[in-house]
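Novice: Quick one: sequence and predicted model below, then my questions.
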Amino acid sequence: MLPTNSSEKLVSFATPISYKFECSVLNAVVKLYSLRLHNFDIIGMIFFDNISKQYNHHTAALRNVTLRIQPKEFISVVGSSGAGKTTLLKLLIREEEPSEGKIFLDGFEVTAVHRRDLHHVRRRIGTIFQDYKLLPDRTAYENVAFAMEAAGRRDEEIHEDVPQVFELVGLTDRMESFPHQLSGGEQQRVAIARALVNRPDVILADEPTGNLDPVNTWEIIKLLQKINELGTIVILASHNKEVINTIDKRVVVLDRGMVVSDQERGKYLL
Ligand SMILES: Nc1ncnc2c1ncn2[C@@H]1O[C@H](COP(=O)(O)OP(=O)(O)OP(=O)(O)O)[C@@H](O)[C@H]1O
Ligand SMILES: [Mg+2]
C-alpha cells in the first residue's frame, strides 16, 4: 500500500525499495553474497570491478574500468563518440557481457546471475534512451502500465501507481495520448515514467536529451535531478557539455574505453 498523502506518494516513487526476491534459493544465495562480500562504503551500491569489454579483436570498448557508485549518486559518464558510454550501461543490465571483470549491484554479482534470473536485476534498473522506445500503438498510460504488467504487478497496483508516476513527471493530462500525439519532451517524460514505475534503485539515461531542443532538455534534466533528490541513483551518459557542467555532480570521463578522469562536482572539458 502506498502512502495516501500526495507528496509522500511521489517520494515513494523515486525511493529505492529493497528488492524482494521471489525465489527463496536465490534469496539465500544473495544473502550469502551480501554477508561474505560487501560493505557499501567499500564497494558501493554499484561496483564495476576491473571491467574490460572486447566486442571483437579490433575493438576494445572498455579497458580496465573500475567504478564505485554509492546510493543516491548522480553520475554523468561523458566522452566522445565510441568512448564506451553505452557499453558501460549495457553491461549493468547484462545486455552485453564483459570480457573480463565483475559487476556488482547492491551486493550481488550481476555478471554471475543466471540468464533465467536476469529479470530480477533488470527490474531494479530503469532505462531511458535517446529515442524513447515507446510502443507506438499504445497510449502513454498503456506504455507505462505494460512495464508493470511485465513485472508481474497486480491490476490494483497498476491502477494506483500509473497515475501517480504520471503526476511525478507532470503529464497527468496526457495519459491517454498516443506517442505520435506527444512532443519529443513529452515522449521522453513518458519513458521516464515507465522507467520509474517499478521503483528501480537505478535509472540509466543514455543520451536522454539527444533529440530534444534546449527547453525540453532542461525539463528532462530537472526531472532526473528531482528523481535523484528523492533517492534514486541516476547514471547519465551524455555528450552535452553545458548540461553536464550545469548539473555540477560527479563526472566520469571515458576516453577510448578507459576512465581518464573521475571527479566529484566535475566538469566536462574535453
Ligand atoms: N555490438 C557491437 N559490436 C562491435 N562493436 C561495437 C558494438 N557496440 C559498440 N561497439 C564499439 O564499441 C565502442 C564503444 O561503443 P559505445 O556505443 O559504447 O560508445 P559510446 O561512447 O556510447 O558512443 P556514442 O557517444 O556514439 O553513443 C565503439 O568503438 C563501437 O564501435
Ligand atoms: Mg552511446
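Specialist: Everything's here; your move. Ligands and ions are numbered 1, 2, ... in the order given.

Novice: shaky segments in this structure?
Specialist: Using pLDDT under 70 as the threshold, the predicted model of the chain has low-confidence ranges 1-44, 270.

Novice: Ligand 1 contacts on that one?
Specialist: Where the chain comes near ligand 1, counting by Cβ under 6 Å from any ligand atom, the residues are 55-56, 59, 61, 79, 81-87, 239. In this view, the C-beta of every residue, glycine as well, is placed from N, C-alpha and C.

Novice: can we see that at 5 Å?
Specialist: Within the chain, the positions adjacent to ligand 1 are 55, 59, 61, 81-87 by Cβ under 5 Å from any ligand atom.

Novice: Can you add distance to Gly152 and give the residues you listed back as JSON lines?
Specialist: Formatted as JSON lines, the residues of the chain next to ligand 1 follow (distance: Cβ to Cβ, whole Å):
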{"residue": "Tyr55", "distance to Gly152": "33"}
{"residue": "Thr59", "distance to Gly152": "37"}
{"residue": "Ala61", "distance to Gly152": "33"}
{"residue": "Ser81", "distance to Gly152": "38"}
{"residue": "Gly82", "distance to Gly152": "38"}
{"residue": "Ala83", "distance to Gly152": "37"}
{"residue": "Gly84", "distance to Gly152": "34"}
{"residue": "Lys85", "distance to Gly152": "31"}
{"residue": "Thr86", "distance to Gly152": "28"}
{"residue": "Thr87", "distance to Gly152": "30"}
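
Novice: Which among those residues count as buried?
Specialist: Listed as buried from the residues of the chain next to ligand 1 are 61, 83-87; burial here means 16 or more other Cβ atoms under 10 Å.

Novice: of those, closest to ligand 2?
Specialist: Each of these was scored against ligand 2 by Cβ to the ion, and Thr86 proved nearest at 3.1 Å.

Novice: now Gln54: how far from ligand 2?
Specialist: With distances taken as Cβ to the ion, to the nearest Å, Gln54 is found 17 Å from ligand 2.

Novice: cool, Arg68 as well?
Specialist: Arg68 is 22 Å from ligand 2, where distance means Cβ to the ion.

Novice: With Ile227 instead?
Specialist: Applying Cβ to the ion, one obtains 21 Å for the distance of Ile227 from ligand 2.

Novice: follow-up on the earlier one: just checking, which of the residues of the chain next to ligand 1 belong to helices?
Specialist: 85-87 (DSSP state H).

Novice: Please produce JSON lines containing those residues, extended by distance to Ile103.
Specialist: Output for these, formatted as JSON lines (distance: Cβ to Cβ, whole Å):
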{"residue": "Lys85", "distance to Ile103": "15"}
{"residue": "Thr86", "distance to Ile103": "15"}
{"residue": "Thr87", "distance to Ile103": "12"}
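
Novice: can you tell me which of those are up against ligand 2?
Specialist: Of the entries in those, the ones placed beside ligand 2 under the rule of Cβ under 5 Å from the ion are 85-86.

Novice: Could you check stretch 197-209 against ligand 2 for contacts?
Specialist: No: using Cβ under 5 Å from the ion, we find that stretch 197-209 stays clear of ligand 2, coming within 5.9 Å at best.

Novice: now do the same end-to-end measure for that stretch.
Specialist: Taking Cα to Cα, to the nearest Å, the span from the opening residue of stretch 197-209 to its closing residue is 20 Å.

Novice: How about stretch 105-124?
Specialist: Across stretch 105-124, first to last residue, Cα to Cα, it's 9 Å.

Novice: The stretch 51-200 of the chain: strands as residue ranges?
Specialist: Read by DSSP state E, counting those that start in this stretch, the stretch 51-200 of the chain holds these strands, from start to end of the chain: 60-69, 74-78, 100-105, 108-109, 125-129.
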